[in-house]
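okay, here's the prediction I keep looking at, along with the sequence it came from:
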Amino acid sequence: MTLKKNDPPLGKRRGIQLGQELWARAKEIIPGGNMLLSKQPDRFLPKYWPTYFSKAKGCNVWDLSGTKFIDMSLMGVGTNLLGYGHPEVDEAVYRAISQGNMSTLNCPEEVQLAEKLIEIHGWADMARFARSGGEAVAIAVRIARASTGKENIAFCGYHGWHDWYLATNLTDAQGLDNHLLPGLEPSGVPQSLAGTVHPFKHGNLDSLHDVLRAWAPAAIIMEVARSEEPQKDYLEGVRELATRYGSVLIFDECTSGFRETYGGLHTTISVEPDMAVFGKALGNGYAITAVLGRRSIMKVAEKTFISSTFWTERIGPTAALETLAVMKREESWKSIIRKGQEITNGWKTLSKKYELPIKISGLTAIPSFDIVSDNRTIYKTIITLEMLKSNFLASNLLYVSLAHTSDIIKDYLSSLDPVFSLIKDLESGRPIESIIDTPIAKTGFKRLV
Ligand SMILES: Cc1ncc(COP(=O)(O)O)c(C=O)c1O
């Protein structure tokens, strides 16, 4: 079943009601309601977000009552680049399960995956695996600290929930505010970690240089790019500074990896780190993350204790091997870039048609837009509200997947057209209260609690 504009109002739809009821219960028995901030319904559409899914396939998601939506938003928060439930990846996983996912012995797939990732990244000699991005980054940070014998870390960008990262806000409560998630609370992080982590500004070599001069850190950890495509000159400068100050250069490619090329985004600009971290898209929805590095650094992992039971299960590396094979065969990165361009061109056309200035940012593979207005968060909420009525899960950020066909993109853009028209009316003075009866979407962290 697919929603139609003239179906009952959102608040009367069964799947939405069921989702909202379950979320209310979840908040009673799961602190925060779920395990990932980005999937909290208040960040999309308080009151009406379907919140829970019963099934996902391609770029379709069914709510608890079996109503189908087209996902033009987070696609599992970037995990499902090939689409949900990719037949070949799932088939490889079923085969692995039929042979047993766990045993006292190790699974050979982890060695095959290490070989594959090292083959793709010529500068790397060794790999370790984990199951979440945050823990993979924590592994990289531990190895960098152990291999240099130093404690301080220089970073920019988002790197997960671990103590080493949140410690930034022990020294300055706003320390992380310019790094994707403002308002993160370091509550529970030992005060003794204060002053061990030092943010620098992306794109500004002087800012990094200041941190290096002051702290000579064990590692520089950063995303290659987030709000725009990677800048070769800047990253070459970072590489040179890292070498000069003896800091391990770690590229966190959890989000950027394998989207715009077959491997880390850094391979497109030929700047080689000392370590790199991959997650998200690597297993197309199955949990697998990786840390790659040069032998001299990675060997230290043998001296410091880094070990966990479920890092040895078989589904993760099996899914990753199949995902990489499908990506390679389909040259997924080429279509992803093409689709991303189709989408951003569509946004630009609507912006021009309705004389609504927008700011587009992000990688072509993960584009986002903001309507240039003091009401931009209200408009973002209205986009989600109106698009939900047309059976799209949408906000202003989209992780492009192979499942987003040109027809789907066209349908999405034609459903977005009247929403831009509506927003134009609002900008011209139509009262916002006349069309929105839900609180606006939350952003950042603090305002959620
Ligand atoms: C660059 C980067 N590093 C680390 C993480 C943390 O990954 P996870 O949520 O799997 O712990 C993310 C998640 O968004 C990320 O984008």
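Sure thing, it's come through.

give me the buried positions along the lowest-mean-pLDDT helix or strand in the chain.
Here the helix or strand of the chain ranked lowest by mean pLDDT, DSSP states H and E is helix 168-171, holding a mean of 90. Buried positions in helix 168-171, judged by neighbour count with 16 or more other Cβ atoms under 10 Å: 168, 169, 170. Yep, even glycine has a C-beta here, placed from its N, CA and C like the rest.

residue 185 and the ligand, how far apart?
Here residue 185 is placed at a distance of 17 Å from the ligand (Cβ to the nearest ligand atom, to the nearest Å).

what count of nearby residues applies to that residue?
Applying other Cβ atoms under 10 Å, we find 13 residues neighbouring residue 185.

just checking, it touches residue 445?
Yes. Contact status for residue 185 versus residue 445: in contact at 7.0 Å, counting by Cβ atoms under 8 Å.

which one is residue 440 nearest to, not counting chain neighbours?
Closest residue to residue 440 apart from its sequence neighbours, by Cβ to Cβ, 6 or more residues apart in numbering: residue 381 at 4.4 Å.

might you report the residue contacts of the one you found?
45, 436, 438, 440, 441 (Cβ atoms under 8 Å, 6 or more residues apart in numbering).

and what of residue 354?
420, 421, 423, 424.

how about 7 Å then?
Residues in contact with residue 354, defined by Cβ atoms under 7 Å, 6 or more residues apart in numbering, are 420, 421, 424.

just those: which are in helices?
420, 421, 424 (DSSP state H).

state the distance from the nearest residue to the last one once chain neighbours are set aside to residue 414.
Using Cβ to Cβ, 6+ apart and skipping residues adjacent in sequence, the residue nearest residue 424 is residue 354, 4.3 Å away. In this view, residue 354 and residue 414 are 14 Å apart by Cβ to Cβ, to the nearest Å.

buried subset of the ones in helices among the contacts of residue 354, written for ChimeraX?
Listed next is the ChimeraX selection for buried residues among those, using 16+ other Cβ under 10 Å:
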select :420,424
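
name the nearest of the ones in helices among the contacts of residue 354 relative to residue 295.
Of all the ones in helices among the contacts of residue 354, residue 420 has the smallest distance to residue 295: 53.3 Å, by Cβ to Cβ.

isn't the closest one up against residue 348?
No. Taking Cβ atoms under 7 Å as the definition, residue 420 is not a contact partner of residue 348, at 11.4 Å.

run the chain-centre distance for the helix or strand where residue 27 lies.
Assigned by DSSP states H and E, residue 27 belongs to helix 14-29. Distance, stretch centre to chain centre, for helix 14-29: 25 Å (Cα atoms, centre = their mean, to the nearest Å).

that one: which residues count as buried?
Those would be 15, 16, 17, 18, 19, 20, 23, 26, for helix 14-29 by 16+ other Cβ under 10 Å.

elements contacting it?
Helix 14-29 is packed against no helix or strand, with contacts defined by 3 or more Cβ pairs under 7 Å, 6 or more residues apart in numbering; DSSP states H and E.

show the subsequent helix or strand relative to that helix.
Downstream of helix 14-29, the first helix or strand assigned by DSSP H and E is strand 55-57.
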